[in-house]
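> with the input below, show me the fold.
(chains A and B)
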Amino acid sequence: MKLRSIFFFITLSAFVLNAQDPNLVLKEVRLKLEKVADYSAQVHIHANIPMIKIDDVNAKVYYKQPNLFKVESKGIAILPKQGMGDLTSFLTNEKGYTCALNGTKMIGSVKTQVISVLPLTESTDLILVKLWIDPIKDVIMKAQVTSKTNGTLDIDYFYTDQVKYGLPSKLVFTIDVKKFKLPKSVAADLHQTKKKPTNTKEAQDGKITLEFSNYQVNKGLSTQFFKQKQ
Amino acid sequence: MLRKNTINEFVKILAKPRSYIGIAALTLLVSIILFAMKADGKMYISFVTASFEQTLSFNGHILNGNLIAFIVLQMLIVHIPLLVALVTGDLLSGEAAMGTLRMLLTKPITRTQVVLSKMIAAATYTFILVLWMGFLAVFVGRWVFGTGDLIVLNSDGLVILPDADILWRYGLAFFVAYLALLTIATLSICLSAFADNSIGPIVSTMAIIILFTIIGSLDVSVFDHIKPYLFTTHMASWRSFFNDPVPWSAIWESIWILIVHNILFIGLAIFQFNRKDITS
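Just a heads-up that it's a prediction; the model follows:
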């Protein structure tokens, strides 16, 4: 009987330990993100978005906890409205959301924990954030952000040397461009005589790839700096 | 003799107060646009990028001199034909109305040379008008707003052109815009050859532009075969230089059609003026 109880206890413990608490997984990620009080980095932006034609741009991005974000660029740089500093600031506010584990999924050779994060306040634009987390390195491998205004945005994360801070070396944003509409009064080409064939299978997704380099982490960026105009 | 007469014709244009209306109107209009953009240019930008800005953020110096120059060109190219026709529309008919045509033709110069000298003088005036607009739009615009990448909205979507890749586009765009306005000048002189009063050719020129523009903008299949041959269809070809890649074949097509129109109008004006009865 005693032996049976010990066996039962060991089995139960193993089960409990294996089925990780999503809060604990997320906490580890959050703790890693919180190590970064501020950062700056060079970023190479490649945008491949239907209806927008733009060359690659080099810019510099700055971030400071909790939610300050700034882009400096000589040319016009297009970035996704969500998924940059705002996602970090959302995740670092642990009282602002609740989460649930949705199983595991392989991303490449990494077995990730899939966690759904739901904001607790209705005032926020976010509806649902789904995260694929590498529980060994405690970093986000993929995120899916669904918001009221922007629809769904997918973000793929790639890491190299700044993995200790949870800072990616590359981000690939997949955005939904179905909502994009041209203002007719401006876009209508008054002198256009040839009608363009309408392609029903026209690409509906756009991709923005950000490649980060020269990270400067925790150098003490001032709040005032983010208020200055470029 | 043609050269001498051309200089005389140009001096006549300069002597008319109405010739300065165009320059003054351009200066005033560009100043108003610059002021409006300085005061509330961000509204204009958000109107252009509104549907994209829900998902994307546009960073950088968007409201710059290059964009202002584009806005100026886009707004004014519609109205400049009036300023051109105002001066060139009575070059021949004005002489008939004032009774100076007979005196002009007593000179040892052929009627064809008279028409050509007036055409060259009109072309020079139009060139000055376009050059002045280019100076105000591009150089003053860049001086007031600085430089930067150009964001252009066309029927395919947004095109963002790097700053270093813009000036040559403006140079060629102004050349095509000049060719379009030259067509207006030759049209008005052509109509002027048929008339004996000053106002008729000016109003007729504007009426033709309005009529052709409306036909060009009507999305009715009956006009589909006519539209490519209307000169008004090609008056906005300057915009094509701000596409990426530049549709060279379409631009060349427009240039040829405008040149053919110019030759046609000049030829018709010469033909009519040579037949014109100036004795009665």
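> tell me the helices in chain A, going along the chain?
A:2-18, A:22-34, A:85-92, A:184-187, A:223-227 (DSSP state H).
> no no, the stretch 151-280 of chain B
B:167-194, B:199-217, B:248-275 (DSSP state H, counting those that start in this stretch).
> and the ones you listed as TSV, adding mean neighbour count?
Yep, even glycine has a C-beta here, placed from its N, CA and C like the rest. Shown next, in TSV, are those (neighbours: other C-beta atoms under 10 Å in any protein chain shown):
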stretch	mean neighbour count
helix B:167-194	23
helix B:199-217	18
helix B:248-275	16
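> and stretch B:34-44, which residues are buried?
For stretch B:34-44, a neighbour-count test (16 or more other C-beta atoms under 10 Å in any protein chain shown) marks B:34, B:37, B:41, B:44 as buried.
> in what helix or strand does the last one lie?
Using DSSP states H and E, B:Tyr44 sits in helix B:19-53.
> could you report the separation of the nearest residue to A:Thr174 once chain neighbours are set aside from chain B?
The shortest distance from A:Thr174 to any non-neighbouring residue, by C-beta to C-beta, 6 or more residues apart in numbering or on different chains, is to A:Asp154 (4.1 Å). Distance of A:Asp154 to chain B, given as C-beta to the nearest C-beta, to the nearest Å: 13 Å.
> I'd guessed A:Asp154 sits against A:Gln144; true?
Yes: with contact defined as C-beta atoms under 8 Å, A:Asp154 reaches A:Gln144; the gap is 5.3 Å.
> how many other residues sit next to the closest residue to A:Asn48 other than its chain neighbours?
Among residues not flanking A:Asn48 along the chain, A:Lys207 sits closest, at 4.8 Å (C-beta to C-beta, 6+ apart). Neighbour count of A:Lys207, defined by other C-beta atoms under 10 Å in any protein chain shown: 15.
> quick one: distance of the helix or strand harbouring B:Val11 to the chain centre.
Element membership for B:Val11 (DSSP H and E) is helix B:2-15. With C-alpha atoms, centre = their mean, to the nearest Å as the basis, helix B:2-15 stands 21 Å off its chain's centre.
> so B:Glu58, which of the three states?
No, residue B:58 isn't Glu; it's Phe. Three-state assignment for B:Phe58 (DSSP: H, G, I helix; E, B strand; the rest coil): strand.
> dump the C-alpha coordinates for the helix holding B:Val11 into CSV.
Output in CSV follows, covering the C-alpha atoms of helix B:2-15 (Å, rounded to 0.1, in the frame of the first residue of the first chain):
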residue,chain,number,x,y,z
LEU,B,2,11.5,85.3,-88.9
ARG,B,3,13.8,85.9,-86.0
LYS,B,4,13.2,89.6,-86.0
ASN,B,5,9.5,89.1,-86.2
THR,B,6,9.6,86.6,-83.4
ILE,B,7,11.3,89.1,-81.1
ASN,B,8,8.7,91.7,-82.1
GLU,B,9,5.9,89.2,-81.2
PHE,B,10,7.5,88.4,-77.9
VAL,B,11,7.9,92.1,-77.1
LYS,B,12,4.2,92.5,-77.9
ILE,B,13,3.4,89.7,-75.4
LEU,B,14,5.5,91.3,-72.8
ALA,B,15,3.8,94.7,-73.4
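> that helix - what's its average pLDDT?
For helix B:2-15, mean pLDDT is 87.
> likewise for stretch B:54-69?
For stretch B:54-69, the per-residue pLDDT averages 87.
> cool, stretch B:163-171 as well?
The model assigns stretch B:163-171 a mean pLDDT of 93.
> so does that stretch get close to chain A?
Yes: Stretch B:163-171 lies within reach of chain A by C-beta under 8 Å from any C-beta of the partner chain, at B:Asp163.
> now that stretch, how far from the centre of its chain.
With C-alpha atoms, centre = their mean, you get 20 Å for stretch B:163-171.
> kindly report the same for stretch A:115-135.
Worked out by C-alpha atoms, centre = their mean, stretch A:115-135 lies 11 Å from the chain centre.
> how long is it from one end to the other?
End-to-end distance of stretch A:115-135: 11 Å, with C-alpha to C-alpha, to the nearest Å as the criterion.
> again with stretch B:133-145
Stretch B:133-145: ends 17 Å apart by C-alpha to C-alpha.
> for the closest residue to chain A within chain B, give the beta-bridge partners.
Here chain B gets closest to chain A at one residue, B:Gly157, 3.0 Å apart by C-beta to the nearest C-beta. On the basis of DSSP bridges, B:Gly157 is bridged to B:Asn154.
> how many residues are close by it?
17.
> what about the helix holding B:Tyr44, near chain A?
Yes: with C-beta under 8 Å from any C-beta as the criterion, chain A is reached by helix B:19-53 at B:47-48, B:50-53.
> which among these gets closest to A:Thr223?
B:Glu53 (25.2 Å; C-beta to C-beta).
> confidence score at the closest residue in space to the closest one that isn't next to it in sequence?
Sequence neighbours aside, B:Ser46 is the residue nearest to B:Glu53 in space, at 6.8 Å (criterion: C-beta to C-beta, 6+ apart). We have a pLDDT of 77 for B:Ser46.
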